[in-house]
Every structure is written in structure tokens, then in C-alpha cells.
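# Dropping a prediction and its sequence here:
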Amino acid sequence: MKVKTGYLYHIKDEYFDVVNDENLMQNHERGRKRPTYFTIKDGDILWFIPVSSKVNKYRKIIAKKEKKYGICNTIMIRKIGGEDAAILLQNAFPTLEKYIDHVHIMDGKPLKVPIELRKDIESLFRELMGLKNRQINLFFTDIDKLKEKMLEELKISNKK
């Protein structure tokens, strides 16, 4: 499968078994594959950013953060596929192509995020990564540990 930045994908359960990280969002909800993930390709590493349909839940969280900090740069609410969606940058994590289950399909075609929104997500993600590099970590999971695990898997598979 050719993975591209700007599309939504679903992840295999196997990933969650391998990384064993309780801070990651659950992969299933009522028997359906959830959530979908906006994907940023960074060399061999893929950054998955969960996209949730629970917009009202996240509007409240955004409001609390804005009241407390004056800003919320960890969650965005925008339209994807004609519907409001919460883009959860705070829940981003690294993975590999082998853990992708399938691309998200809408109306028979892979769902592509509009280019302006894609740019906004990528920009905010880079901002959060920059903050992390300055010891201000806004991610819920230990992305360094997960990235190291993914890089180790790549090293092992490249030796085969």
C-alpha cells in the first residue's frame, strides 16, 4: 500500500499489542474500526493523528483549555468529508506502514483531507514537536519511546 500524507487510515490491532501503551486511544468502538487517523509521512515513520466524530466532547475540552491557557493548540475541529471532526494532535503517535490496516473510504474513494486543512494540521503538529524539543510535551503518550520501538523494528526488518 502506498501511504500518503493527507489521507485517513485505520490501524491494525497488532500495533497496540506490540507497543502496549495504555495512553493510546482504543482501536475499536462498538465493533467498528475507530478512530480514523490523519497520517503524516516522515521517512519510514508515519505519524498517526486520531480523528474523532465526538465533536461536542472535544469542543468542551477546547473551551476549558482556552479558558485556562488562552489557547488550545492540541485539538482542532474542522470539516472532513463534509462532517465536523475533532483532530486530536495531543494523541499523535508514530507507527510503520506494516501496521496500516486500510485507507478510509468515503463514497467509494479514499478520503483525502482538503489541502488547506492538511497544511494547518501539519503546521500545528510541527509546532507541537518543536515545543516537545524544548521540553514542553503536550502529547499524551511517550512518542520518543514509541518512535524508538518503530525504528528498532525497521532496523531488524532491514537486516533480514
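Nice, I can see it. None of the values given here were measured: they were computed from a predicted structure.

# ok, residue 76 - contacts?
Taking Cβ atoms under 8 Å, 6 or more residues apart in numbering, we find residue 76 in contact with 86-87, 89, 120-121, 124. Placement of C-beta: from N, CA and C, glycine included.

# What strand or helix carries it?
In the assignment (DSSP states H and E), residue 76 maps to strand 75-80.

# If we go by neighbour counts, what in the very next helix or strand once past that strand is buried?
In the C-terminal direction, the helix or strand that comes right after strand 75-80 (DSSP H and E) is strand 83-88. For strand 83-88, burial by neighbour count (16 or more other Cβ atoms under 10 Å) applies to 85-88.

# Would you check that residue 77 makes contact with residue 83?
No: using Cβ atoms under 8 Å, residue 77 is not in contact with residue 83; the gap is 10.8 Å.

# what ranges of this protein fall below the confidence cut-off?
1, 26-34, 160 (pLDDT under 70).

# What ranges does it have for its strands?
With strands called from DSSP state E, the chain shows them at 8-11, 28-29, 32-33, 36-42, 45-52, 75-80, 83-88, 93-95, 100-103, 105-106, 109-110.

# Outside of the first one itself, list whatever touches it.
Read that as strand 8-11. 3, 27, 33, 36-39, 48, 51, 80, 95, 99-104, 110-111, 113.

# If the most centrally placed residue in the chain is in a bridge, with which residues?
With distances taken as Cα atoms, centre = their mean, the residue of the chain nearest its centroid is residue 49 (1.1 Å). Taking DSSP bridges as the rule, residue 49 bridges to residue 38.

# what about it, distance to residue 82?
19 Å (Cβ to Cβ, to the nearest Å).

# what's the answer for residue 36, then?
From residue 36 across to residue 82, the span is 14 Å (Cβ to Cβ).

# With residue 42 instead?
From residue 42 to residue 82 the distance is 28 Å (Cβ to Cβ).
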